[in-house]
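Asks: Dropping a prediction and its sequence here:
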Amino acid sequence: MYHLFFSLAAKLGLITLSTAIGVGGFLLFHSPEPIQAKATAHAKVQNATYWREELSLKIEPTLLARTEKPVDLAGDALDVLYILEKGGKIVRIAPGTSSLSVSTQYARLADDRTHTGVGFSAIAFHPDFHVKQSLGYGKFYVAVAEKAKTALPDFVPEFGSEQVHHQDVLYEYQVDSPLLGNFVGTRREVMRFNQPGPDHNLKSLAFDHKGFLYLAVGDGASTTVSRNSPSKNASSLTSAYGKVLRIEPLGRNSRNGKYGVPETNPFFLVTEALSELWAFGLRSPHSLTFDPFYETLVFGESAIDGSDRVYRSDFGGEHYGWDLDQGSFLANFAIRNELEEIISDPLLSVDRSSGQIDTHIGSVLYRGENFPSLAGRLIYASRDGQVIVHQETAQGLNLADPVSLDLGPVANKTVQALRTTPRGELILLCEDGSVIALSKGEGKGLEKSAKKSLYCLRLSAMPAAVRI
């Protein structure tokens, strides 16, 4: 009864929040005397400077495999890694003898329905992949782009163009045996999205410890913000776009009857709202990771103002500001302070306009065993191989603890993604196809060594809302 009371109270609070957002949205576009909005909520995170320190960690890059256009990585309880390529091939990397890994082709998932220009984007294994008594036994999930009008969609954008560039599809794969070195099994469609453009689509998948699956879905297309642009999907509680969704893939209480919706989702009891919604107000969320220590979701976002952000979602229901915080809209003075209270600040915001750092490609809270000095730190990686490291403290983020890593030839590589193994160790997926583990032992396959700095973000003042 105690738990039920607080659960109901929390949901009633979210109903109030969603109502406030709806009223705010009406006033934004129906104000009789509009005035220019003030600085965005995210402007609280001040301009950063970067600098180097000569503290070193003994890290050796280990080449695990060479692939072609890797986009994502997932692993199972036996620490077997599965690399998903843009073209639909899965490469399996299994631990071998003498600390060597064995990589083999596991599956080719592309078919004549695949939209090759967009391709495959995400893969996730059910946490019960090896548990025979579980419904999740032998199941993994893949996101892929298919040609327009391949099948009837479950979701269509509420705002933006009615044209269909392609369809994003979430598939469930059931293997006959999780121990086999190649895929033998069946495929089942879970959900399908119409997409008006090649960008801001379904980009990432992540499971939590309960078997709930999170999906990062962009607002539908990269266009200028306007009254009917795709960006308006992000704040609508009736749209699946511009959101993080949470589903129970083994359930069947969804509208299409192909998956379940957890009753603990923040908008499950909100009339007319999509019950799949977990968090909203997002432009193009990516790189979902679930931290088992805090039981929290961490993910990235590229903002239109040239900044990259990292968000943390603890309970769901957060509005992250898109596109209410862009400064290009006209807001009624009476609701500006209310909007500031509604919008959740980023955990971290990094400005790319200075040219010191490239696009964000992934962030994780390090929980591995190889590097105890990195335990609990937020690790942020960019396409040019740079990494920002922040220390976790009781007071929040400690921004004054930079270190340097010896990443060898990785310093000259373009990095596509930062991921972790099931044990929490760091993996880099590179544009040239290299799959590289950051380990503390002797590296295999990388001969030269060269220093590559990590950067630490220094702010003149720490916003109270930014916590880890």
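Replies: All right, it came through fine.
Asks: tell me which helix or strand of the chain sits lowest on mean pLDDT?
Replies: Per-element confidence for the chain was summarised using mean pLDDT, DSSP states H and E. The lowest value among helices and strands belongs to strand 35-36, with a mean of 28.
Asks: Now do the same contact list for the residue lying closest to residue 71 once chain neighbours are set aside.
Replies: With C-beta to C-beta, 6 or more residues apart in numbering as the measure, residue 86 is the residue that lies nearest to residue 71, at 5.1 Å, once sequence neighbours are left out. Any C-beta I mention is one placed from the backbone N, CA and C, and that applies to glycine too. Taking C-beta atoms under 8 Å, 6 or more residues apart in numbering as the contact definition, residue 86 lies against 68, 69, 70, 71, 119, 120, 121.
Asks: Please repeat the previous calculation with a cut-off of 10 Å.
Replies: With contacts defined as C-beta atoms under 10 Å, 6 or more residues apart in numbering, residue 86 is in contact with 67-72, 110, 116-121, 144-145, 416.
Asks: Now the buried members of those.
Replies: Buried members of these, scored by 16 or more other C-beta atoms under 10 Å, are 67, 69-72, 110, 118-121, 144-145, 416.
Asks: Sketch out the strands for the stretch 101-250 of the chain, chain order is fine.
Replies: 101-108, 120-125, 139-147, 166-175, 185-195, 202-207, 213-217, 243-247 (DSSP state E, counting those that start in this stretch).
Asks: Output these in a markdown table, with distance to residue 263 and mean pLDDT appended to each entry.
Replies: Rendered in a markdown table, the data for those read as follows (distance: least, C-beta to C-beta, whole Å; pLDDT from 0 to 100):
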| stretch | distance to residue 263 | mean pLDDT |
| --- | --- | --- |
| strand 101-108 | 34 | 93 |
| strand 120-125 | 22 | 98 |
| strand 139-147 | 21 | 98 |
| strand 166-175 | 21 | 98 |
| strand 185-195 | 19 | 98 |
| strand 202-207 | 18 | 98 |
| strand 213-217 | 16 | 98 |
| strand 243-247 | 11 | 98 |
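Asks: quick one, which of those strands is packed in tightest?
Replies: Mean neighbour counts were compared across the strands of the stretch 101-250 of the chain using mean count of other C-beta atoms under 10 Å; the top stretch is strand 213-217, at a mean of 26.
Asks: That strand pairs with which strands?
Replies: Strands adjacent to strand 213-217 in the sheet, as given by DSSP bridges, are strand 202-207 (antiparallel), strand 243-247 (antiparallel).
Asks: Now do the first one: distance to the chain's middle.
Replies: Centroid separation between strand 202-207 and its chain, computed with C-alpha atoms, centre = their mean, to the nearest Å, is 6 Å.
Asks: cool, stretch 121-138 as well?
Replies: Relative to the chain's own centre, stretch 121-138 is displaced by 20 Å; criterion: C-alpha atoms, centre = their mean.
Asks: can you check stretch 60-75 too?
Replies: Between the centre of stretch 60-75 and the centre of its host chain there is 18 Å, according to C-alpha atoms, centre = their mean.
Asks: Restricting the selection to alpha carbons, write that stretch to PDB.
Replies: In PDB, the C-alpha atoms belonging to stretch 60-75 read as follows (Å, rounded to 0.1, in the frame of the first residue of the first chain):
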ATOM      1  CA  GLU A  60      46.600  -0.400 -24.000                       C
ATOM      2  CA  PRO A  61      44.400  -0.400 -27.100                       C
ATOM      3  CA  THR A  62      43.600  -4.000 -28.200                       C
ATOM      4  CA  LEU A  63      42.400  -4.700 -31.700                       C
ATOM      5  CA  LEU A  64      39.500  -7.200 -31.400                       C
ATOM      6  CA  ALA A  65      38.300  -7.300 -35.000                       C
ATOM      7  CA  ARG A  66      38.200  -5.500 -38.300                       C
ATOM      8  CA  THR A  67      34.700  -4.900 -39.600                       C
ATOM      9  CA  GLU A  68      33.000  -2.700 -42.200                       C
ATOM     10  CA  LYS A  69      31.100   0.500 -41.000                       C
ATOM     11  CA  PRO A  70      30.300  -0.600 -37.400                       C
ATOM     12  CA  VAL A  71      27.400   1.200 -35.900                       C
ATOM     13  CA  ASP A  72      26.700  -0.500 -32.600                       C
ATOM     14  CA  LEU A  73      27.800  -3.200 -30.100                       C
ATOM     15  CA  ALA A  74      25.900  -5.500 -27.800                       C
ATOM     16  CA  GLY A  75      27.000  -8.400 -25.600                       C
END
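Asks: The strands paired with strand 213-217: which one's closest to residue 168?
Replies: Each of these was scored for nearness to residue 168 using C-beta to C-beta, and the closest is strand 202-207 (3.9 Å).
Asks: And the helices in the stretch 1-150 of the chain?
Replies: Along the stretch 1-150 of the chain, the segments classed as helices by DSSP state H, counting those that start in this stretch run 2-30.
Asks: One more: the stretch 201-350 of the chain?
Replies: Assignment of helices within the stretch 201-350 of the chain using DSSP H, counting those that start in this stretch yields the ranges 333-342.
Asks: what ranges of it fall below the confidence cut-off?
Replies: Scanning the stretch 201-350 of the chain for pLDDT under 70 picks out the ranges 325-337.
Asks: and the residue lying closest to residue 229 once chain neighbours are set aside, how many neighbours?
Replies: In space, and not counting its chain neighbours, residue 229 is closest to residue 223: 5.2 Å by C-beta to C-beta, 6+ apart. For residue 223, the number of neighbouring residues by other C-beta atoms under 10 Å comes to 16.
Asks: quick one: residue 223 and residue 199 touch, right?
Replies: Yes: using C-beta atoms under 10 Å, residue 223 and residue 199 qualify as a contacting pair, with a distance of 9.4 Å.
Asks: what touches both of those two?
Replies: With contacts defined as C-beta under 10 Å, 6+ apart, the residues adjacent to both residue 223 and residue 199 are residue 230.
Asks: dump the residue contacts of the residue nearest to residue 93 when sequence neighbours are not counted.
Replies: Taking C-beta to C-beta, 6+ apart, and ignoring the residues beside it in sequence, residue 93 has residue 81 as its nearest neighbour in space, at 4.2 Å. Contacts for residue 81 were tallied using C-beta under 10 Å, 6+ apart; they are 64-65, 73-75, 91-95, 101, 103, 419, 421-422, 427, 435, 437.
Asks: Also residue 301?
Replies: For residue 301, the residues meeting the contact criterion (C-beta under 10 Å, 6+ apart) are 216, 218, 281-287, 307-311, 320-322, 346, 349, 360.
Asks: how near is it to residue 359?
Replies: From residue 301 over to residue 359 the distance is 12 Å, taken as C-beta to C-beta, to the nearest Å.
Asks: tell me, what's touching these two both at once?
Replies: Contacts common to residue 301 and residue 359, judged by C-beta under 10 Å, 6+ apart, are residue 308.
Asks: before we move on, the earlier item: quick one: the strands paired with strand 213-217 as a markdown table, columns for distance to residue 293 too.
Replies: Below are the strands paired with strand 213-217 laid out as a markdown table (distance: least, C-beta to C-beta, whole Å):
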| stretch | distance to residue 293 |
| --- | --- |
| strand 202-207 | 15 |
| strand 243-247 | 19 |
